[in-house]
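> no sequence for this one, just the structure:
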């Protein structure tokens with residue numbers, strides 16, 4: 001029997017040219033002073049580094065020694081045997097590049113997974129905008145001619161997001177976040193991004209690679225607000241999205257709640273409030289104290305955990321898709 005237990009993860013903070021300081025106010029994160037922070041990686045398992053576990057060890061080490069007990073039987077590992085998901089907070093003070101991600105087959109040449117992702121909008125400002133997909137009727141030749149120029153903006157579908165919106169961005173979908181948007185992101189464990197246009201910033205673009213994986217036509221066109229309709233769950237939560245790669249739920253708790261893993265891993269990310277997370281440990285482990293921004297990884301080997309709020313507790317729960 002595995003000795004794995006729920007674990008509190010330490011984040012990685014990434015300065016970005018388009019970032020800001022909003023994660024201090026929106027989530028309550030402690031950020032390095034004087035830097036524009038674009039992303040924090042709340043759960044990650046990449047070749048260049050992996051989530052440190054508070055108390056010792058890393059996620060990568062657990063994937064090497066106890067992957068099935070961590071993930072669950074039948075849950076596929078990510079590329080290279082890594083953890084299959086990556087979780088982020090993103091502060092797009094300015095607009096991210098117009099970009100696109102490959103699918104699993106297309107990403108093999110990069111030695112990585114494809115990138116299916118979804119965003120939960122946490123804050124919007126006066127200039128808030130998200131780009132997702134192209135306008136109807138955009139032909140490939142038309143798009144390719146201007147994809148790396150300011151003229152591409154006329155072909156893209158942009159809209160003003162609202163707090164609580166969930167936007168799904170499958171591989172092949174041209175997109176950009178910002179300006180003035182903060183999101184929580186769940187994605188396949190991939191770091192492959194092909195930039196098409198970067199608003200005049202002097203960063204590398206990858207036009208030919210991007211065009212090769214960009215989906216156009218009816219599947220990629222957008223004609224209305226491209227948000228996922230949430231579903232109310234019998235246990236009082238909301239299912240925000242379910243894809244073949246991940247499932248994301250949200251719970252706003254004011255009373256104790258039991259989260260069953262059903263034999264698969266789950267992650268608990270605190271979007272707001274405070275609380276505690278406990279489990280049946282025979283009294284050998286104290287509950288984990290939860291504050292805003294914390295992410296706890298619950299292994300599949302743990303049948304259930306008990307969440308209790310201190311006042312209120314707003315959590316996003318990610319788990320594998322397609323199982």
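Received the coordinates, thanks. Only a predicted model underlies this, so the values are computations on that prediction, with no experimental measurement involved.

> buried ones in stretch 195-211?
By 16 or more other Cβ atoms under 10 Å, the buried positions in stretch 195-211 come out as 195-199, 205-206, 209-211. Any C-beta I mention is one placed from the backbone N, CA and C, and that applies to glycine too.

> which residues are contacting that stretch?
17, 94-95, 97-100, 143-144, 147-150, 152, 174, 194, 214 (Cβ atoms under 8 Å, 6 or more residues apart in numbering).

> ok, now stretch 184-191?
Contacts of stretch 184-191 (Cβ under 8 Å, 6+ apart): 44-46, 78-79, 82-90, 101, 107, 112-120, 122, 245-246, 248, 269, 271, 316, 318.

> buried only: go through those for me.
For the contacts of stretch 184-191, buried by 16+ other Cβ under 10 Å: 44-46, 78-79, 82-90, 101, 107, 112-120, 122, 245-246, 248, 269, 271, 316, 318.

> quick one: stretch 182-198 to chain centroid distance?
9 Å (Cα atoms, centre = their mean, to the nearest Å).

> tell me which strands and helices the longest strand along the chain is in contact with?
Longest strand in the chain, counting residues (DSSP state E): strand 304-320. In this structure, strand 304-320 packs against strand 85-92, strand 181-188, strand 246-253, strand 257-260, strand 266-278, strand 288-290, with contacts taken as 3 or more Cβ pairs under 8 Å, 6 or more residues apart in numbering; DSSP states H and E.

> how about stretch 28-35: buried residues?
Neighbour-count burial for stretch 28-35 [16+ other Cβ under 10 Å]: 29, 31.

> and it, how far out from the chain's middle?
That offset, for stretch 28-35, works out to 20 Å (Cα atoms, centre = their mean).

> with stretch 148-157 instead?
26 Å.

> for it, measure first residue to last.
Taking Cα to Cα, to the nearest Å, the first and last residues of stretch 148-157 lie 16 Å apart.

> that stretch: which residues count as buried?
Going by 16+ other Cβ under 10 Å, stretch 148-157 has these buried residues: 148, 152, 155-157.

> how about the helices in the protein?
22-26, 59-65, 67-71, 104-107, 140-146, 207-213 (DSSP state H).

> what's the closest of the ones you listed to residue 36?
helix 22-26 (10.3 Å; Cβ to Cβ).

> what packs against the closest one?
strand 85-92, strand 117-124, strand 181-188.
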